[in-house]
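Undergrad: build me a structure from this.
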Amino acid sequence: MSKIAHRHQLLPGFSPNCLQLIAWLCGIQLLFSACNNVTSSGNATQHVDTMRRTTVRTLNVRSFHAKGDGKHDDTQAIQAAIRAAQAGDTVLIPSGTYLVKTLVLRSAVHIKGIGLLKQELQDTQRFTRTIQNSSAPLFFGRDIHHVDLQFKAVTINEALYISKSSHIRVHHSDVDGQGQKLHAFPGMLWYQCNDIQIEHTSITRYGISRQSASSYQAGTGIRLLSCKNIQISHNEIRENGENGIFMHGTGIVQIHHNDIARNGMSAIQIGFGKTKVEHHFIIANNTLENNAADAIDINNRITATPFPIYCTITSNKSWNNGYVNGKSTVDGSGLATLVNVSGVNIINNRSERSNRPALYMEKCGQITAKGNYSDHKIEIVGSFQQITLQKNTFDALTILANTKGKKLHLIDNQFRTALLPTGITIDSLIMDHNILSETNLNINMQGNLVLRHNEIHANDPNGALLLVQLSSAKIEENAIYSTSGFGVIVRPTAKQVWLQKNKIQSVQACVYDDGSPNLTLINNEFISIPGGKFNRTVMSMHPNNLQMQGNIHHGGARDNSIRFVGTGTALISGEQIMSGYPDYGRVVIQHAASN
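TA: So this is what the prediction gives:
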């Protein structure tokens with residue numbers, strides 16, 4: 001009996017009338033319709049052949065004299081089975097260990113491996129930045145289409161190198177790079193491919209484990225170059241020398257429900273080329289842990305302005321990123337590093353014990369982070385257009401010196417503190433319904449501040465809120481509690497400052513005015529807490545048209561509740577002094593009629 005089963009196959013040269021007649025005789029008119037509707041994507045001839053056939057076969061490589069004994073080279077036997085297969089057939093690799101070098105894939109010919117493929121090669125090649133693929137991967141495919149792969153392998157070079165191909169699915173596979181190569185090629189390399197699925201697959205040990213916190217070596221789990229329409233899901237990508245997943249010049253990607261751990265650089269890295277195709281990413285429900293660099297690194301050094309990538313990062317969990325053998329590396333963001341990008345939404349992620357800022361943003365456009373948790377800080381660097389932080393819990397918010405931004409909106413977050421150093425420019429800083437549990441909020445910037453419905457706690461001698469330089473500030477309906485310093489300090493360079501309906505408690509003065517022009521205090525409640533040097537509610541040094549209306553003062557019984565020093569002017573109306581007494585000194589007071 002022939003090792004290739006006999007079958008009937010229609011020839012592509014048959015005329016449409018002849019095909020229609022055959023279809024009618026066989027009672028398969030629908031099959032004819034499918035033939036006429038084949039799209040141009042993929043290898044059209046082989047795809048049409050698959051549609052025309054009434055049966056497909058499974059070809060066992062043992063029928064082609066493969067031994068599977070772990071001793072003989074089975075490359076030629078397995079390759080013979082692949083050559084003998086026709087479109088739609090599956091090549092079966094049964095139980096056993098098959099020594100192989102390189103196998104060349106064909107369009108619409110599928111591989112199902114139960115046994116182990118073990119690559120046997122003389123190992124003379126190494127990955128460099130100019131040589132990014134070997135000449136001998138385990139599986140090689142170029143210009144192939146509609147291929148389903150399921151296999152187990154131990155390899156020296158890539159398990160897969162596929163280029164200029166489409167509609168490739170890899171699933172329920174297990175590939176191991178053995179973790180012995182210093183400059184390793186990736187586990188799977190894809191170049192100029194479209195519509196790729198990688199799922200339920202383990203990709204491990206491509207490259208040796210990273211040994212140094214200051215340097216790294218090659219060896220990536222999945223490497224995608226100039227690809228699109230990619231889905232990577234339910235995989236284990238672990239213990240590779242460099243990144244878990246690396247993409248360059250690649251777009252329209254979904255990465256979800258993967259376990260990406262103990263890789264020598266970032267779990268996921270997106271690099272940018274000049275074609276500007278890096279857009280539409282979904283990174284969701286992944287576990288990203290113990291990677292030596294960032295959980296997710298999106299770094300655009302190509303375009304002059306932030307590039308819109310329309311990326312959603314959601315429901316990921318990460319921990320212990322940014323360490324090698326317990327030592328910190330220069331990277332290690334727990335949620336994401338974003339450089340020169342826009343259109344990114346970071347939603348409902350959780351990060352713990354990573355060594356760098358949980359979320360690092362440099363020269364970004366529009367970024368939204370909502371519902372995230374981390375025990376580390378958010379860091380903003382360089383410039384930004386609009387950043388919205390909502391319902392997050394972080395340790396701190398840090399904006400580096402000389403940062404310039406248009407709008408920063410903080411809504412309903414919980415931070416320990418916020419650090420805004422001298423020299424930043426933010427056109428509009430809005431803080432609404434946040435809780436800052438241990439802060440000295442120092443605002444020294446060019447721009448406008450809105451601070452409302454926040455809860456601010458401070459145990460710092462410098463006070464809770466220091467306004468040094470501002471174009472304007474509206475501070476409304478906040479609860480400010482300072483146990484070591486002043487509640488609010490306003491310097492002369494802070495202009496158009498308005499405090500209304502706040503409750504401010506302080507062991508020193510609730511408000512210390514250093515001569516800010518037109519400082520306005522309306523309907524606030526000031527409570528002096530015992531234990532400080534002063535038991536005062538408002539202190540003003542040389543008031544510069546200070547306006548006070550309808551405030552309630554709970555000062556010390558034996559001290560000035562309101563104390564003015566030096567000369568100046570103030571307009572006072574309807575103040576309620578519940579305890580203490582006012583001392584206006586030499587300041588000219590105008591008493592407006594109460595409403």
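Undergrad: middle-most residue in this protein, spatially?
TA: Geometric centre of the chain, nearest residue: Ala336, 3.7 Å, by C-alpha atoms, centre = their mean.
Undergrad: per-residue confidence for that residue?
TA: Ala336 carries a pLDDT value of 97.
Undergrad: ok, now which ones touch Gly70?
TA: 96-99, 118 (C-beta atoms under 8 Å, 6 or more residues apart in numbering). In this view, the C-beta of every residue, glycine as well, is placed from N, C-alpha and C.
Undergrad: how many neighbouring residues does Arg83 have?
TA: Number of residues near Arg83 (other C-beta atoms under 10 Å) recorded here: 12.
Undergrad: could you give me the buried positions within the strand or helix carrying Ser318?
TA: Ser318 belongs to strand 317-319 when assigned by DSSP states H and E. By 16 or more other C-beta atoms under 10 Å, the buried positions in strand 317-319 come out as 317-319.
Undergrad: what of stretch 365-377?
TA: 365-377.
Undergrad: who wins on neighbours among the contacts of Gly70?
TA: Result: Tyr98 is most packed of these (other C-beta under 10 Å), 28 neighbours.
Undergrad: then that one would be within a helix, right?
TA: No: Tyr98: not assigned to a helix; according to DSSP: H, G, I helix; E, B strand; the rest coil it is strand.
Undergrad: name the nearest residue to Ile346, sequence neighbours excluded.
TA: Once flanking residues are discounted, Ile346 sits nearest to Ala369: 4.3 Å by C-beta to C-beta, 6 or more residues apart in numbering.
Undergrad: Ala85 now?
TA: Ala85's closest residue in space is Val109 (C-beta to C-beta, 6+ apart), at 4.4 Å.
Undergrad: count the residues that sit near the one you found.
TA: Residues near Val109, counting by other C-beta under 10 Å: 24.
Undergrad: and it, what does it touch?
TA: By C-beta under 8 Å, 6+ apart, the neighbours of Val109 are 82, 85-87, 89-91, 147.
Undergrad: same question for Pro421.
TA: Counting by C-beta under 8 Å, 6+ apart, Pro421 makes contact with 399-401, 442, 444.
Undergrad: may I see the PyMOL selection of the buried members of those?
TA: This is the PyMOL syntax for the buried subset of the contacts of Pro421, where burial follows 16+ other C-beta under 10 Å:
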select buried, resi 399+442+444
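Undergrad: among the contacts of Pro421, which are located in strands?
TA: If you go by DSSP state E, the contacts of Pro421 have 399, 442, 444 in strands.
Undergrad: output these as TSV; include the columns pLDDT and distance to Ala284.
TA: Formatted as TSV, the ones in strands among the contacts of Pro421 follow (pLDDT from 0 to 100; distance: C-beta to C-beta, whole Å):
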residue	pLDDT	distance to Ala284
Ile399	94	29
Asn442	90	37
Asn444	90	39
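Undergrad: got a list of what the nearest residue to Asn551 once chain neighbours are set aside touches?
TA: Spatially, and ignoring its direct neighbours in sequence, Asn551 is nearest to Asn524 (4.8 Å; C-beta to C-beta, 6+ apart). Contacts for Asn524 were tallied using C-beta under 8 Å, 6+ apart; they are 499-504, 510, 551-552.
Undergrad: got the residues you listed as a markdown table, with neighbour count, secondary structure and pLDDT columns?
TA: Listed next are those as a markdown table, based on neighbours: other C-beta atoms under 10 Å; DSSP: H, G, I helix; E, B strand; the rest coil; pLDDT from 0 to 100:
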| residue | neighbour count | secondary structure | pLDDT |
| --- | --- | --- | --- |
| Leu499 | 29 | strand | 98 |
| Gln500 | 18 | strand | 98 |
| Lys501 | 16 | coil | 98 |
| Asn502 | 27 | coil | 98 |
| Lys503 | 17 | strand | 98 |
| Ile504 | 29 | strand | 98 |
| Cys510 | 33 | strand | 96 |
| Asn551 | 27 | coil | 97 |
| Ile552 | 15 | strand | 97 |
